[in-house]
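J.: okay, sequence plus prediction incoming.
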Amino acid sequence: MTKYLFWTLLIVTCSYALWRGRKYEQLSALIFIAASVASVLLRGPAEQTYLGVEGGDLVIDLMVLAALVAIALRSDRFWPLWVAGLQLTISMSHLLKAIQPDLLPLAYATAERFWSYPTLLILFVAAWRQHRRTRQQELSAATG
């Protein structure tokens, strides 16, 4: 059930960001979509998932982290710092599993996946606020 919730949230959020956001919201949406698809394609057999460090997810998470940090350094908005920080937390879940190999697979999976939901919600709010700012600027220009 949670995978359907995630994919629904991903599609709705990223579609809205692509439609209404600026370049950084749009770029983040594309990154999140590509990372989610790549995670599915690189995931091993279900019975072996999260028993050890998930190498494919680790590489994807580190690439997403690098991209989000680059966006945060270039953007004039605060939201990219939040999503980069949450992505750092996601990336640290792999270190946690490497340090503690007997960590339960469910705990590892939860630590890796949980922060994806707030990240998507932050992207949605960022795109919504950007659209609202753009509309206000257009109204001000038309009346002023």
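T.: That came through fine. The model shown is predicted, which means the values in this text are computed figures rather than measured ones.

J.: surely Phe32 meets Tyr117?
T.: No: if you go by CB atoms under 8 Å, Phe32 and Tyr117 don't touch, sitting 11.6 Å apart. (Glycine included, C-beta is placed from N, CA and C.)

J.: which one of the two is surrounded by more residues?
T.: Between Phe32 and Tyr117, counted using other CB atoms under 10 Å, Phe32 has the larger neighbour count: 23 against 16.

J.: against Lys23, how distant is the more buried one?
T.: 15 Å (CB to CB, to the nearest Å).

J.: following element in sequence after the worst-scoring helix or strand of the chain on mean pLDDT, please.
T.: One helix or strand of the chain scores below all others by mean pLDDT, DSSP states H and E: helix 105-113, with a mean of 91. Counting by DSSP states H and E, the element after helix 105-113 in chain order, helix or strand, is helix 116-143.

J.: burial measure for Met1, as a count.
T.: 5.

J.: how far away is it from Ser91?
T.: 26 Å.

J.: which secondary structure elements does the least confident helix or strand of the chain sit against?
T.: helix 79-99 (3 or more CB pairs under 8 Å, 6 or more residues apart in numbering; DSSP states H and E).

J.: what residues of the helix it packs on count as buried?
T.: 79-80, 82-87, 90-91, 93-94, 97 (16 or more other CB atoms under 10 Å).

J.: and for stretch 101-116?
T.: 108-109, 111-113, 115-116.

J.: likewise stretch 10-30?
T.: 10, 13-14, 16-18, 20-22, 24-29.

J.: restrict it to CA atoms and write it as PDB.
T.: In PDB, the C-alpha atoms belonging to stretch 10-30 read as follows (Å, rounded to 0.1, in the frame of the first residue of the first chain):
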ATOM      1  CA  LEU A  10       5.700  11.400  -6.600                       C
ATOM      2  CA  ILE A  11       3.600  11.800  -9.700                       C
ATOM      3  CA  VAL A  12       1.300  14.500  -8.400                       C
ATOM      4  CA  THR A  13       4.100  16.500  -6.700                       C
ATOM      5  CA  CYS A  14       6.600  16.300  -9.600                       C
ATOM      6  CA  SER A  15       3.900  17.000 -12.200                       C
ATOM      7  CA  TYR A  16       2.900  20.100 -10.400                       C
ATOM      8  CA  ALA A  17       6.500  21.200  -9.900                       C
ATOM      9  CA  LEU A  18       7.200  20.700 -13.600                       C
ATOM     10  CA  TRP A  19       4.000  22.700 -14.500                       C
ATOM     11  CA  ARG A  20       4.200  25.500 -12.000                       C
ATOM     12  CA  GLY A  21       7.800  25.700 -10.700                       C
ATOM     13  CA  ARG A  22      10.900  27.500 -11.800                       C
ATOM     14  CA  LYS A  23      14.000  25.800 -13.100                       C
ATOM     15  CA  TYR A  24      15.100  24.500  -9.600                       C
ATOM     16  CA  GLU A  25      11.700  23.000  -8.800                       C
ATOM     17  CA  GLN A  26      11.500  21.500 -12.200                       C
ATOM     18  CA  LEU A  27      15.100  20.100 -12.000                       C
ATOM     19  CA  SER A  28      14.400  18.700  -8.600                       C
ATOM     20  CA  ALA A  29      11.200  17.000  -9.900                       C
ATOM     21  CA  LEU A  30      13.200  15.400 -12.700                       C
END
